[in-house]
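Student: just the structure for this:
(one chain, ligands or ions: 1)
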Amino acid sequence: MEEWIDQMQGFINTPEQLKDMINLNEQEEEALARLNTRWGATPYFASLMDRDDPDCPVRKQIIPSLKELENRYGMKDYLIFHENRAVESNRPDCIAQQYTDRVAFTVIDRCASYCRHCFRREMVVDRELKLRFDVEEGLKWIRQNREIRDVLVTGGDPFLLSDQRLEYLIAKLREIDHVKMIRFGTRTVINLPQRITPGLMKILGRYHRVPIWINTQCNHPKEITETTAKAVFDLLRCGINVGNQAVLLKGINDDVPTFRELHQKLLTVRIRPYYLFYCEAAPGIDHFRTPVEKGSQLIRDALQGHTTGLARPHHVIATNIGKIPLMPDHYITEKTDTEYRLKNYKGEETSLPNVV
Ligand SMILES: *Cc1c(COP(=O)(O)O)cnc(C)c1O
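Tutor: Residues are numbered from 1 along each chain as shown. Prediction:
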């Protein structure tokens, strides 16, 4: 049997399994007993948890917390709001649209780890929101909407689909003339890198008219292993670029050294930082949220000038009207009729002519 299927069959989702791997503290035990939520991870991803430290960044993404019961700032029916589902009725459940030329196409509601900070938690983690994931319905809608040139396949985690299902989906999307690129949002590169098998590489790989791009989610340097590096290299070998979409999480990656190490380490395994997301206003994740400005400050203090620009993600907040960039321009200090004054990361200044 393929190792990734083994990993999914050995999914860690009972307190007993956890206790074989780590020493749970009282709050964790209570949260596991009290919270009515889906949780769990592959044995591989769970093995990255620290045995004794409840503040371990991987542990905090896997094990539910009593803090999920607090909900001062989380919005009710967040996903309905975020994906404009209440206002548009002729779009299938599996298609989320915020832009004219591209859509998010949800094909599955299962994941290889149920992130505690998930912005789709009402649907994927808590399962209160029931949506229909009818792939045929989605394909038909995309076929009929000729302005869609870019399809972002998401979930859940689309790489939990079988090779056969993925091959079918990709073939059907490639048959549509107006579709010029296919993207997969998958965290398997991080939580189930064994999924990148020779069989999957055959399906994804080779030269095609319509390229495939992947974005994964890695939030802490501890999540990157030799196995990750190998999976990314295999994807690149078959022509697939891998980007990262990190979520800014309080107590996990919101300090300068961790933030810098994360982005530098991503590049060492050939993953290109793409987005840094502000942690969204979904219910039950208040404890992960920072002030909105924090991400830009981290990019300024940990990355800009301190390391290569290749390491720098776009800082954005995802909203119901699309992603909104959050990077203020810290670097233009003054503008006159004749010149711009510019500042570098050390605070040194220079000036350039203002072309009018
Ligand atoms: C994030 C997102 C996209 C893709 O946005 P890019 O900025 O192109 O990566 C497309 N549609 C929806 C609904 C999204 O949330």
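
Student: show me what contacts the residue positioned nearest the centre of the chain?
Tutor: Nearest residue to the geometric centre of the chain (C-alpha atoms, centre = their mean): residue 217, 3.8 Å. Taking C-beta atoms under 8 Å, 6 or more residues apart in numbering, we find residue 217 in contact with 115, 185, 187, 190, 244-247. All C-beta atoms are positioned from the backbone trio N, CA, C, and that covers glycine.

Student: and it, how far from the ligand?
Tutor: 12 Å (C-beta to the nearest ligand atom, to the nearest Å).

Student: what's the answer for residue 2, then?
Tutor: Taking C-beta to the nearest ligand atom, one finds residue 2 at 30 Å from the ligand.

Student: nearest spatial neighbour of that residue, chain-adjacent residues omitted?
Tutor: residue 197 (5.9 Å; C-beta to C-beta, 6 or more residues apart in numbering).

Student: quick check: residues of the stretch 251-356 of the chain near the ligand?
Tutor: Residues of the stretch 251-356 of the chain found near the ligand (C-beta under 6 Å from any ligand atom) are 318, 323.

Student: looking at the stretch 251-356 of the chain, which residue is nearest the ligand?
Tutor: residue 323 (5.3 Å; C-beta to the nearest ligand atom).

Student: secondary structure class for that residue?
Tutor: Residue 323 falls in the strand class when you classify it by DSSP: H, G, I helix; E, B strand; the rest coil.

Student: so it makes contact with residue 317?
Tutor: Yes. The pair residue 323 / residue 317 is scored as a contact, 7.0 Å apart, by C-beta atoms under 8 Å.

Student: show me where the stretch 151-300 of the chain has strands.
Tutor: All strands of the stretch 151-300 of the chain, identified by DSSP state E, counting those that start in this stretch, fall at 181-185, 212-216, 241-247, 272-277.

Student: would you turn those into JSON lines with mean pLDDT and mean neighbour count?
Tutor: JSON lines is the format used below for those (pLDDT from 0 to 100; neighbours: other C-beta atoms under 10 Å):
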{"stretch": "strand 181-185", "mean pLDDT": "98", "mean neighbour count": "21"}
{"stretch": "strand 212-216", "mean pLDDT": "98", "mean neighbour count": "22"}
{"stretch": "strand 241-247", "mean pLDDT": "98", "mean neighbour count": "21"}
{"stretch": "strand 272-277", "mean pLDDT": "98", "mean neighbour count": "20"}
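
Student: what does the stretch 1-150 of the chain put close to the ligand?
Tutor: Checking the stretch 1-150 of the chain against the ligand by C-beta under 6 Å from any ligand atom, the hits are 96-99, 102-104.

Student: and with 8 Å instead?
Tutor: 83, 96-99, 102-104, 150 (C-beta under 8 Å from any ligand atom).

Student: circling back to that earlier point, make JSON lines from the contacts of residue 217 and add distance to residue 145 to it.
Tutor: As requested, these are exported to JSON lines (distance: C-beta to C-beta, whole Å):
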{"residue": "115", "distance to residue 145": "30"}
{"residue": "185", "distance to residue 145": "20"}
{"residue": "187", "distance to residue 145": "28"}
{"residue": "190", "distance to residue 145": "32"}
{"residue": "244", "distance to residue 145": "29"}
{"residue": "245", "distance to residue 145": "25"}
{"residue": "246", "distance to residue 145": "31"}
{"residue": "247", "distance to residue 145": "30"}
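
Student: can you list the domains in the protein?
Tutor: The record assigns the chain these domain ranges, following automatic domain parsing: 3-325, 330-356.

Student: and among the ones you listed, the most buried is which?
Tutor: Ranked by mean neighbour count under mean count of other C-beta atoms under 10 Å, the domains of the chain are led by domain 3-325, which reaches a mean of 18.

Student: okay, how far is it across that one, tip to tip?
Tutor: 40 Å (C-alpha to C-alpha, to the nearest Å).

Student: how distant is it from the center of its chain?
Tutor: Mean C-alpha position of domain 3-325 versus that of the full chain (C-alpha atoms, centre = their mean, to the nearest Å) differs by 3 Å.

Student: could you pull out the helices in the stretch 251-356 of the chain for me?
Tutor: Secondary structure of the stretch 251-356 of the chain (DSSP state H, counting those that start in this stretch): helices at 256-268, 294-298.

Student: format those as TSV; extra columns: distance to residue 276 and mean pLDDT.
Tutor: What follows is these, written out as TSV (distance: least, C-beta to C-beta, whole Å; pLDDT from 0 to 100):
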stretch	distance to residue 276	mean pLDDT
helix 256-268	9	98
helix 294-298	5	96
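
Student: among the ones you listed, which is nearest residue 29?
Tutor: When the helices of the stretch 251-356 of the chain are compared by C-beta to C-beta, helix 256-268 sits nearest residue 29, at 27.3 Å.

Student: ok so, going back, in a markdown table: the residues of the stretch 1-150 of the chain next to the ligand, plus pLDDT.
Tutor: Formatted as a markdown table, these follow (pLDDT from 0 to 100):
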| residue | pLDDT |
| --- | --- |
| 83 | 81 |
| 96 | 93 |
| 97 | 92 |
| 98 | 91 |
| 99 | 94 |
| 102 | 97 |
| 103 | 96 |
| 104 | 96 |
| 150 | 98 |
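
Student: of the residues you listed, which belong to strands?
Tutor: Those of those mapping onto strands are 96-97, 102-104, 150, per DSSP state E.

Student: which of these sit farthest apart?
Tutor: It's 96 and 150 that sit farthest apart of those, by C-beta to C-beta, at 13.2 Å.

Student: many thanks, we can stop here.
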